[in-house]
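Q: just need the structure, nothing else, for what follows:
(one chain, ligands or ions: 1)
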Amino acid sequence: MRIGVLTGGGDCPGLNAAIRAIVRKGVEVHGFDFVGIRDGWRGALDGSVLPLDVPAVRGILPRGGTILGSSRTNPLASEDGVSRVRRTLAEHEVDAVIAIGGEDTLGVAAVLADQGIQMVGVPKTIDNDVAGTDYTFGFDTAVNIATEAIDRLHTTAESHTRTLVVEVMGRHAGWIALHSGIAGGANVILIPEQPFDVGQVCGWVEDRFKIRYAPIVVVAEGAVPKAGQMVVKESALDEFGHVRLSGIGEWLAHEISDHTGKEARTTVLGHIQRGGTPSAFDRWLATRFGLRAVDTVKERAFSTMVALRGPDVVRVPLAEAAGDIKTVDPDLYTEFGVFFG
Ligand code: F6P
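A: Numbers count the residues shown, from 1 in each chain. Below is the predicted model of the structure:
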């Protein structure tokens, strides 16, 4: 059996660990052949592939990024997309595809699976917002990076008695903001799921100054003020219709200094959260997902995605990942209210 492997969407730490596990077990235990599909669905559309065997995956476990490349290309956006994908798979004698991605990549995988392509999904993203799985790999590394940044910002904020706003990734889900904000002892955490009141944020900031501490505000890039417009720098959309975000942190720092009369500055962590070596947990989770995905092909349980449920790696229908994203439960957010201000 010949399997095509692709990584789509924004890259994240742990992709190489997953690819390695798939290839090692696929070749050594199941006797499969592999072909790497370059740059996510773009390679499937354009017929761009690369050799993928055991020597090709040696030494990649601790490396960030993806040896296969990635893109946000959506093959369903063009009329002949599905037939071009089929042509690539036929030309390279690919019997099944393992698609490693977030909700967009897996959404495409679900549609192609419905059209008869033998497909297995592996969830990944730093945002941790793929439905159907407790955690995605990439998330733990991103949270650790953001937490370390917050730890560092505390000391410089205190030296200057100023507010520091930290903008983290998370377009529709505030998982990175919530986890890193709680781990880093932030005084305000703002997430896309809960529109915030600027006056209340400034009140929390002032409370902090009153007890001679400098406030740290963690804001997810997709957080929005109440009854307000989402603040964006660019309005260009990608092929899945997402706007490119960045700007809420800067906007908020201006509001805070206008309201409080004290200096506020912004740090945008951006792609630093996605780059570099994966944490031990992300390597472990990516490896478990990879092993289970290749077994899933062996057992011909197509149209499914591997997922973490409690301590177990299970299979769920691919369609689960393609539906809604997994957002922060309001009750969970409320639980941390005691730390605000
Ligand atoms: O894929 C997750 C993510 O990092 C989001 O948190 C972020 O909004 C987006 O990707 C940024 O995408 P790009 O790197 O394409 O600008």
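
Q: mind listing the strands for the stretch 51-200 of the chain?
A: 96-101, 119-123, 163-168, 188-190 (DSSP state E, counting those that start in this stretch).

Q: the ligand: which of these is closest?
A: Nearest to the ligand, of all the strands of the stretch 51-200 of the chain, is strand 163-168, at 8.4 Å by CB to the nearest ligand atom. (C-beta placed from N, C-alpha, C; glycine too.)

Q: if we look at the helix or strand containing W251, which residues are touching it?
A: In the assignment (DSSP states H and E), W251 maps to helix 248-260. Identification of contacts with helix 248-260 by CB atoms under 8 Å, 6 or more residues apart in numbering yields 163, 165-167, 190, 198-199, 201-202, 205-206, 209, 217, 219-224, 230-231, 262-268.

Q: out of the residues you listed, which touch the ligand?
A: E221 (CB under 6 Å from any ligand atom).

Q: report the closest residue of this protein relative to the ligand.
A: Closest point on the chain to the ligand, by CB to the nearest ligand atom, is G10, at 2.7 Å.

Q: which SS class is that residue?
A: coil (DSSP: H, G, I helix; E, B strand; the rest coil).

Q: the closest residue in space to it that isn't next to it in sequence: neighbouring residues, count only.
A: Using CB to CB, 6 or more residues apart in numbering and skipping the chain neighbours, the partner closest in space to G10 is R274 (6.4 Å). A count of neighbours around R274, defined by other CB atoms under 10 Å, yields 20.

Q: show me which residues of the chain sit near the ligand.
A: Going by CB under 6 Å from any ligand atom, the residues of the chain near the ligand are 9-10, 72, 102, 125-127, 169-171, 221, 244-245, 274.

Q: run the last query once more with 8 Å
A: Within the chain, the residues that sit near the ligand (CB under 8 Å from any ligand atom) are 9-12, 72, 102, 125-127, 169-171, 176, 221-222, 238, 242, 244-245, 271, 273-274.

Q: quick one, which of the residues you listed are buried?
A: 9-12, 72, 102, 125-127, 169-171, 176, 221-222, 245, 273-274 (16 or more other CB atoms under 10 Å).

Q: and the residues you listed, which of them are in helices?
A: Among these, the members falling in helices (DSSP state H) are I176.

Q: just the C-alpha atoms of stretch 82-96, please, in CSV.
A: The C-alpha trace of stretch 82-96 is given here as CSV (Å, rounded to 0.1, in the frame of the first residue of the first chain):
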residue,chain,number,x,y,z
VAL,A,82,-11.1,17.6,-6.7
SER,A,83,-10.2,16.1,-10.1
ARG,A,84,-6.7,17.5,-9.9
VAL,A,85,-6.2,16.0,-6.5
ARG,A,86,-7.4,12.6,-7.8
ARG,A,87,-5.0,12.9,-10.8
THR,A,88,-2.0,13.5,-8.5
LEU,A,89,-3.0,10.5,-6.3
ALA,A,90,-3.4,8.3,-9.4
GLU,A,91,-0.1,9.4,-11.0
HIS,A,92,1.8,8.6,-7.9
GLU,A,93,-0.2,5.4,-7.2
VAL,A,94,-1.3,6.7,-3.8
ASP,A,95,-3.9,4.5,-2.2
ALA,A,96,-4.7,6.5,0.9
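
Q: buried residues in it?
A: 82, 84-86, 88-89, 94, 96.

Q: can you lay out the strands of the stretch 51-200 of the chain as JSON lines showing mean pLDDT and distance to G181?
A: Below are those laid out as JSON lines (pLDDT from 0 to 100; distance: least, CB to CB, whole Å):
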{"stretch": "strand 96-101", "mean pLDDT": "98", "distance to G181": "27"}
{"stretch": "strand 119-123", "mean pLDDT": "98", "distance to G181": "23"}
{"stretch": "strand 163-168", "mean pLDDT": "98", "distance to G181": "8"}
{"stretch": "strand 188-190", "mean pLDDT": "98", "distance to G181": "4"}
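
Q: highest average neighbour count across those strands?
A: Most buried of those, by mean neighbour count (mean count of other CB atoms under 10 Å): strand 119-123, with a mean of 31.

Q: how much does that strand deviate in direction from strand 96-101?
A: 20 degrees (axes from the mean of the first three to the mean of the last three CA atoms, to 10 degrees).

Q: average pLDDT for the helix or strand encompassing Y333?
A: For Y333, the host element (DSSP H and E) is helix 330-335. For helix 330-335, mean pLDDT is 97.
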